[in-house]
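Trainee: what's the 3D shape of this:
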Amino acid sequence: EQPPSDGHAPGHTVPGKNADGPRSDAINHGPDETAIAMPDSADVTVLVPTLNEGETVGGVVAGFDEAGYDDVLVVDGGSTDGTRGAARDAGARVVRQSGSGKGQAVREAVHDRVDRSHVLLLDGDGTYRPEDAAAMLAPLDEGYDHVIGNRFADLRPGAMTRLNRLGNWLINRAFGLIHGESFADVLSGYRAFSRESFERMRLDSDGFGVETEMAVECVKRGIPTTVVPVTYLPRPAGSSTNLRPFRDGGVILLEIYRRAKTNNPLFYFGSVGLMSLFSGGGVAVYVAVEWVTRRISHEVLAVVAAFGVIVGVQLLMFGVLSDMLLDLHEEQMRRIDERASEDERRESEETDGRERPGRRTDGAGGREERD
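Mentor: Residues are numbered from 1 along each chain as shown. Below is the predicted model:
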């Protein structure tokens, strides 16, 4: 998709320029942008959820402190290796989360501990650079509300195993297929977002699925989103990862599929419906061949085949109807938003009219006087 011709550099899209396009623009901000406007650091909270990152979190906090960010919030999930002490010694605000899991830590921190307008979210394992923070935050001053750092733009040797690269590729493809938006790296832990946009999201994932959940919510709620290239470094020697590739990857894929229920119901119901339909059809073909060629009847299998076909057709129909209802709902919400914007504009004009001093003309001399 080509960016609109509005005088901006290629690969740089301004939200709202294309009224017919999606509000979530997965556009890479190129590295050649020399003058970077970004929110004041006094408006930014650097949020670092941790669990047993004692070897690395101190360096992460110190790096952002040196970069000029005076509010680094470390939310710890019950570390036993001195993570909280290391973060506190480096100058961070440290709180212990009330629950467990990265998703729960992020939700609790943003809702209860952050009072600034912008949040920069990253892991405490030393794999993300403070030098990329300015590029991550810059789009928030350009009309975007959510920014994803693309690790694959500069993936350093040893930063990701082949298994993890394969898993990321599969998950990114699944996300694009199911939710219709390509964010290049939906599992990236380097995010920047406005607190207002985060509060619009409905998040319930407690673990590593929080990044995927946020990406789905950006698509579903039309939150203006963009992607910027970042550097992804190997974990420092002596530190260990909390990631379990197979288990966490499975949880994330299930989350992507589960979220399709309200974001792409045709896929959610239709995929199961097609499997049921083809399974029932296959059994029906076998029963028919057995009867025609060998005169052997399979009454139970015939019932199973009929059940599979009927359920498959019903699920497909339900998926189509759900998709139509979703389209109608989105159209209705769009009209409500337009009406609210129009009412707000009209109210603003009326307020300006009341505040502006009136003018009248003196009948005798034609001289204008102010009230």
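
Trainee: so which strand or helix has the most centrally placed residue in the chain?
Mentor: Nearest residue to the geometric centre of the chain (Cα atoms, centre = their mean): residue 215, 2.0 Å. Here residue 215 is covered by helix 210-220, with elements defined by DSSP states H and E.

Trainee: Please name every helix or strand in contact with the next helix or strand along the chain from that helix.
Mentor: Next along the chain after helix 210-220, taking DSSP H and E as the criterion, comes strand 225-232. Under the contact definition 3 or more Cβ pairs under 8 Å, 6 or more residues apart in numbering; DSSP states H and E, strand 225-232 sits against helix 133-137, strand 146-155, helix 210-220. Placement of C-beta: from N, CA and C, glycine included.

Trainee: Can you tell me what sits against the helix holding residue 215?
Mentor: 22, 24, 102-103, 106-107, 146, 148, 171, 175, 179-181, 183, 186-189, 191, 193, 198, 200-205, 223, 225, 252, 255-256, 259, 262-263 (Cβ atoms under 8 Å, 6 or more residues apart in numbering).

Trainee: 7 Å instead?
Mentor: When contacts are taken as Cβ atoms under 7 Å, 6 or more residues apart in numbering, the neighbours of helix 210-220 outside the stretch itself are 24, 102-103, 106, 146, 175, 179, 181, 183, 186-189, 201-203, 205, 225, 252, 255-256, 259, 263.

Trainee: Stretch 77-86 too?
Mentor: Contacting residues not belonging to stretch 77-86 are listed as 49-54, 57-58, 76, 94, 96-97, 100, 105 [Cβ under 7 Å, 6+ apart].

Trainee: Name the member of the residues you listed with the most neighbours.
Mentor: Using other Cβ atoms under 10 Å as the neighbour definition, the contacts of stretch 77-86 reach their maximum at residue 57, which records 33 neighbours.

Trainee: got a list of what that residue touches?
Mentor: Residues in contact with residue 57, defined by Cβ under 7 Å, 6+ apart, are 48, 50, 74, 83, 86, 87, 124.

Trainee: could you measure it against residue 244, distance?
Mentor: Residue 57 sits 21 Å away from residue 244, taking Cβ to Cβ, to the nearest Å as the criterion.

Trainee: relative to helix 210-220, how tilted is the helix or strand where residue 334 lies?
Mentor: The secondary structure element spanning residue 334 is helix 299-355 (assigned by DSSP H and E). Orientation note: helix 299-355 sits at an angle of 70 degrees relative to helix 210-220 (axes from the mean of the first three to the mean of the last three Cα atoms, to 10 degrees).

Trainee: just checking, what packs against helix 299-355?
Mentor: Identification of packing neighbours for helix 299-355 by 3 or more Cβ pairs under 7 Å, 6 or more residues apart in numbering; DSSP states H and E yields helix 265-294.

Trainee: The helix it packs on - what's its average pLDDT?
Mentor: For helix 265-294, the mean per-residue pLDDT is 93.

Trainee: Stretch 150-161 too?
Mentor: When the per-residue pLDDT values of stretch 150-161 are averaged, the result is 95.

Trainee: Can you list the buried residues in it?
Mentor: Along stretch 150-161, these residues count as buried under the neighbour rule (16 or more other Cβ atoms under 10 Å): 150, 151, 152, 153, 155, 159, 160.

Trainee: Using the three-state scheme, assign the last one.
Mentor: This points to residue 160. coil (DSSP: H, G, I helix; E, B strand; the rest coil).

Trainee: on that earlier part again, I'd like the helices and strands packed on strand 225-232 laid out as CSV, including distance to residue 337.
Mentor: As requested, the helices and strands packed on strand 225-232 are arranged in CSV below (distance: least, Cβ to Cβ, whole Å):
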stretch, distance to residue 337
helix 133-137, 27
strand 146-155, 18
helix 210-220, 15
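
Trainee: Quickly compare these and say which is most buried.
Mentor: Mean neighbour counts were taken over the helices and strands packed on strand 225-232 using mean count of other Cβ atoms under 10 Å, and the top value, a mean of 24, falls to helix 210-220.

Trainee: ok so, going back, drop anything exposed from the contacts of helix 210-220.
Mentor: So, of those, 24, 102-103, 106, 146, 175, 179, 181, 183, 186-189, 201, 203, 205, 225, 252, 255-256, 259, 263 end up buried under the neighbour-count rule (16+ other Cβ under 10 Å).

Trainee: Mind checking which of those residues land in strands?
Mentor: If you go by DSSP state E, the buried ones among the contacts of helix 210-220 have 146, 225 in strands.
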